[in-house]
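1. need coordinates for the following:
(chains A and B)
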Amino acid sequence: MRVTMNITSKTRYCRSGIVFLLFLQICIPWRLYAATPSLDEIIRKTEHTAYYLGNDGSARVKMTITDSQGRERKRRFSILRLDQQTEQQDQEAFSGNQKYYLHIDYPSDLKNTVLLVWKNPGGDDDRWLYLPALDLAKRIAASDKRTSFLGSDYLYEDISGRGMNADSHELVETTKDYYVIRNVPKQADTVEFSEYTMWIHRQTFLPVKVEYLDKRGKKYRVYDVLGVETLQGYPTITRSRMQDLVSGQESTMEFSHIKYDRGLPEDIFTERYLRNPPNDLLR
Amino acid sequence: MRLPPFSGILLVLIVLCPLSTVLAGDPPPLPAGLGAAPPPLPAGLGTDVADTGYVATAPAVSQVDVSGFWENAAGTRTQNDPYERQTSLLESRLQLSVELPGDTLSMKLTGDFLYDTVAESHELDLETGEGFFDLREAWLFYRPADRVDIKAGRQTLTWGTGDLLFINDLFPKDFRSFFIGRDDEYLKAPSDAIKLSLFFDAVSLDLVYTPRFDPNRYIDGSRISFYNPATGSINGRDNTLDASVPDDWFSDDEIAARLYTNWHGYELAAYGYTGFWKNPAGLDPVSGEAIFPELDVAGVSGRGTIGPGIGNAEFGYYHSGDDTSGRDPAIANSELRFMAGYEQEVARELTLGLQYYLERMQDYDRYRDSLPAGSPARAHNRHVFTVRLVWLALQQNLRLSAFNYYSTSDDDGYLRAAASYRLDDHWTLSGGLNLFYGNEEHTFFGQLEKNSNVYTKIRYGFESF
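-> Numbers count the residues shown, from 1 in each chain, chains lettered A, B, ... in the order given. Sure, this is the predicted structure:
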């Protein structure tokens, strides 16, 4: 009786093992293929993790520009960001309007200069520049977004995001860690590259590497993520590098004091704080 | 032993997985932090998650920021001016700035130690900025409530929409510095004032009270020669303008106000001012001294995105309170002032700005009638067009800019051209040209013709951290 029972329980055990294996078999291909997010979803999530984590965010940034002869120039600034989604909009899917407040600490000739950007992905951004020595809140014309950001190898578009609709996308392959996506600009005459390839980390949707090809198809510009930390649950790029393979110059950015969901009030992003910075939030 | 069903598929998959990695070509190695076992996500991507990043690097204690620069500048007139020295600029300047930044309470002290070899007078005068020390800033900022900011003390104040043109900004300017090639920041002279700002939901209000009138650091002949209508000739350093500045505390005061709003990126503002003309705009018939008659100004402005660039327009009515009829030849008449501008990036790193500016004298016929015989008359409408070009090159380390004022009514103008190159994070080398031109010696820019100059500067910037 006892023996029979034992056999029965063993059989049950075996059966549950089979069920588990079955589950695995169904599950693995599902994870690899069936559940592979659609291309659109990958792009959307990537854009979100790169530019829209949390409802707001702040960080201090150290930028180092190193030319081909090893000469360094440094920039230090603090950045505050606020996403402008309504309560109905899903935070994790949001990729709409944002406001940025960027306060420069170094070098000394730019000290206390503030750049305020109201980003409108559907149109031109509104930008203000505050020059403290003149107490001048200057409106600046929406510029070509592929101009250098603070004289570095990063472009404005790298900082504030290139809208996903600007390119057509193709999933080239899926590796163990990455979705490899090729992107071709829809308006080729407005940009200096012919295409770029992104390696997007599959678990976090962080773009870990981006390679740009020039109009002749030659690789000339490479972006690398050098460090990631998960902060407040958000996988966050803490170090990155942009290399210009033609000039031999490269720029790195290091982020510290990163904080999300601080409940930044919207009036920070107005002329009031342009003239008198929210010092406690910047430090 | 029986293999479970579908295990064949599993095997194939296990074999294929590394293969797919090989096929993928050259994937980047995972950066630090995205290891094989990524950190688990905390439950609920909400707001109650520990601030790992922020706490790990504890918030910096409010600190004292010290910064400044040391600058050496030299400039010379491009032609001989019988009334001024050939050297237009030769000075060494050390600016020191100490700041205590806080959120509700901040303070800042900025002063320039100046060794100016061109200045005639070295007597220290903190009002005019003459002497070895120019106090640029000494203010206290306080945020007593959610909707209130107060800034009191010596401060630089600017508002309005023009580019090197001002209508409703009646804060003091320093045209001496502007015309001899000092940095743009010296166009603004400091105000000794208290600024109260109130922030409501729809609009904001700035109120600036200056208890004792702060005139412009106006052209008086000491550095820049000019046409004196009273004498009908060019005056220079041997014959500087004697002016009587209203200087009684709390009675010779100024009030400036701005009510403004930002409507979907369009900035609209209304302004009011009561005080005095900022440059000498009259003569005391008894003493013969230049005076600063009473002035009230009301105006509006708008600024916002138009097409690919930024458009702006501003209007102001200058009410000359001491000569409301326009009959007094010794005091400036009332004026309407208007400007409209547009700025756009025309090519990568190249910005073009265009402006039109109008000064229209009121009661012009009475002005003409009261003008002494033989005196040159001002135009009824003074039209000025400005063009600005700014080009950034060499990773934005080289900045080339040109700004030209041209008046069609006076047929005169002023070209400001400047180049600056940032050698590294500390050293900046710059140079430029101030070229005044015109056909007649009494017009606004024409009178300055002999002051045309070139200059060069080298600056070392520093800061503590």
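
2. just the pLDDT for B:P31.
-> With respect to pLDDT, B:P31 scores 72.

3. can you give me the helices in chain A?
-> Assigned by DSSP state H, the helices in chain A fall at A:2-29, A:39-51, A:156-160, A:271-275, A:279-282.

4. how far away from the center of its chain is the shortest one?
-> Using C-alpha atoms, centre = their mean, to the nearest Å, we find the averaged C-alpha position of helix A:279-282 to lie 23 Å away from the chain's own average C-alpha position.

5. near chain B at all, it?
-> Yes: using C-beta under 8 Å from any C-beta of the partner chain, helix A:279-282 comes into contact with chain B via A:N279, A:D280, A:L281. In this view, the C-beta of every residue, glycine as well, is placed from N, C-alpha and C.

6. isn't the first one right next to B:S106, touching?
-> Yes: with contact defined as C-beta atoms under 8 Å, A:N279 and B:S106 form a contacting pair (6.6 Å).

7. tell me the helix or strand right after the least confident helix or strand in chain B by mean pLDDT.
-> Using mean pLDDT, DSSP states H and E, helix B:52-56 stands out as the lowest-scoring helix or strand of chain B, at a mean of 37. Next in sequence after helix B:52-56, counting helices and strands by DSSP states H and E, comes strand B:65-77.

8. partners of that following strand in the sheet?
-> strand B:87-100 (antiparallel), strand B:453-463 (antiparallel) (DSSP bridges).

9. buried set for it?
-> Residues of strand B:65-77 classed as buried by neighbour count (16 or more other C-beta atoms under 10 Å in any protein chain shown): B:D65, B:S67, B:G68, B:F69, B:W70, B:E71, B:A73, B:A74, B:G75, B:R77.

10. for A:S256, grab the count of nearby residues.
-> Residues near A:S256, counting by other C-beta atoms under 10 Å in any protein chain shown, number 13.

11. what bridges to it?
-> Bridge pairing for A:S256 - DSSP bridges - gives A:R60.

12. contacts only, for B:N381.
-> B:L358, B:E359, B:R360, B:M361, B:S409 (C-beta atoms under 8 Å, 6 or more residues apart in numbering or on different chains).

13. check for me that B:E185 belongs to a helix.
-> Yes: counting by DSSP: H, G, I helix; E, B strand; the rest coil, B:E185 falls inside a helix.

14. that one touches A:L134, doesn't it?
-> Yes: between B:E185 and A:L134 there is a contact under C-beta under 8 Å: 5.5 Å.

15. anything in contact with each of those two?
-> Joint contacts of B:E185 and A:L134 (C-beta under 8 Å, 6+ apart) are B:T156.

16. can you read off the backbone torsions of B:F178?
-> Note on B:F178: backbone dihedrals following degrees, to the nearest 10 are phi -60, psi -40.

17. from B:D201, how far out is it?
-> Noted for B:F178: a distance of 39 Å to B:D201, by C-beta to C-beta, to the nearest Å.

18. ok, those two, which is more surrounded?
-> B:F178 (21 against 8).

19. and the pLDDT at the nearest residue to the more buried one once chain neighbours are set aside?
-> Closest residue to B:F178 apart from its sequence neighbours, by C-beta to C-beta, 6 or more residues apart in numbering or on different chains: B:L187 at 4.5 Å. Looking at B:L187, its pLDDT reads 96.

20. who touches B:L187 in this structure?
-> Counting by C-beta under 8 Å, 6+ apart, B:L187 touches A:L134, B:L164, B:K173, B:D174, B:F175, B:S177, B:F178.

21. then B:E314?
-> Contact analysis of B:E314 by C-beta under 8 Å, 6+ apart lists B:G160, B:T161, B:G162, B:I167, B:N168, B:G299, B:V300, B:S301, B:G302, B:F338, B:M339, B:A340.

22. for the strands paired with strand B:65-77, give me JSON lines that also has mean pLDDT and mean neighbour count.
-> Output for the strands paired with strand B:65-77, formatted as JSON lines (pLDDT from 0 to 100; neighbours: other C-beta atoms under 10 Å in any protein chain shown):
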{"stretch": "strand B:87-100", "mean pLDDT": "96", "mean neighbour count": "18"}
{"stretch": "strand B:453-463", "mean pLDDT": "96", "mean neighbour count": "19"}
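
23. and of these, who's closest to A:R60?
-> Nearest to A:R60 among the strands paired with strand B:65-77 is strand B:453-463 (15.7 Å), distances taken as C-beta to C-beta.

24. neighbours of residue 259, how many?
-> In the absence of a named chain, chain A is used. Neighbours of A:K259 (other C-beta under 10 Å): 21.

25. nope, chain B
-> B:L259 has 17 nearby residues by other C-beta under 10 Å.

26. SS state for it?
-> Three-state call for B:L259 (three-state DSSP): strand.

27. name whatever forms a beta bridge with the closest residue to it other than its chain neighbours.
-> Nearest non-adjacent residue to B:L259, counting by C-beta to C-beta, 6+ apart: B:A270, 4.8 Å away. Assessed by DSSP bridges, B:A270 has beta-bridge partners B:L259, B:V300.

28. and B:A270, what pLDDT?
-> Taking B:A270 on its own, its pLDDT is 98.

29. and the contacts of B:L187, which of them are buried?
-> When the contacts of B:L187 are checked for burial by 16+ other C-beta under 10 Å, the buried set is A:L134, B:K173, B:D174, B:F175, B:S177, B:F178.

30. of all those residues, which two lie farthest apart?
-> A:L134 and B:F175 (14.7 Å).

31. helices along chain B, start to end?
-> Using DSSP H, helices in chain B cover B:7-23, B:52-56, B:175-180, B:364-370.

32. now the weakest link among these, please, by mean pLDDT.
-> helix B:52-56 (a mean of 37).

33. what count of nearby residues applies to the closest residue to A:S78 other than its chain neighbours?
-> With sequence-adjacent residues excluded and distances taken as C-beta to C-beta, 6+ apart, A:S78 is closest to A:L282, at 4.1 Å. The tally of other residues near A:L282 (other C-beta under 10 Å) stands at 22.

34. how about A:L282, what does it touch?
-> A:S58, A:R60, A:S78, A:L80, A:H103.

35. and stretch B:274-288, how far out from the chain middle?
-> Stretch B:274-288 sits 26 Å away from the centroid of its parent chain (C-alpha atoms, centre = their mean).

36. with stretch B:98-105 instead?
-> 22 Å.

37. which pLDDT value belongs to A:L274?
-> 94.

38. what's the answer for B:G129, then?
-> 86.

39. list the contacts of it.
-> With C-beta under 8 Å, 6+ apart, B:G129 has these contacts: B:D174, B:A189, B:R217.

40. and the first one, how close does it get to B:R77?
-> Relative to B:R77, B:D174 is positioned 19 Å away (criterion: C-beta to C-beta).

41. then the last one?
-> For B:R217, the distance to B:R77 equals 20 Å [C-beta to C-beta].

42. could you do the second one as well?
-> If you measure B:A189 against B:R77 using C-beta to C-beta, the figure is 23 Å.

43. do I have it right that A:Y260 meets A:A59?
-> No: A:Y260 is not in contact with A:A59 according to C-beta under 8 Å; the separation is 9.6 Å.

44. show me where pLDDT drops low in the chain?
-> Here I'm looking at chain A. Along chain A, segments meeting pLDDT under 70 span A:1-35, A:86-93.

45. nope, chain B
-> B:1-27, B:32-62, B:465.

46. number of residues surrounding B:D242?
-> For B:D242, the neighbour count with other C-beta under 10 Å is 12.

47. what residues does B:Y414 make contact with?
-> By C-beta under 8 Å, 6+ apart, the contact list for B:Y414 reads B:N404, B:Y405, B:N434, B:L435, B:F436, B:Y437, B:F445, B:L448.

48. for the second one, list each beta-bridge partner.
-> Following DSSP bridges, B:Y405 is listed with bridge partners B:T386, B:Y414.

49. one more: the fourth one?
-> With DSSP bridges as the criterion, B:L435 is bridged to B:L415.

50. how many residues are close by it?
-> 19.

51. over to the last one?
-> B:L448 is flanked by 26 other residues according to other C-beta under 10 Å.
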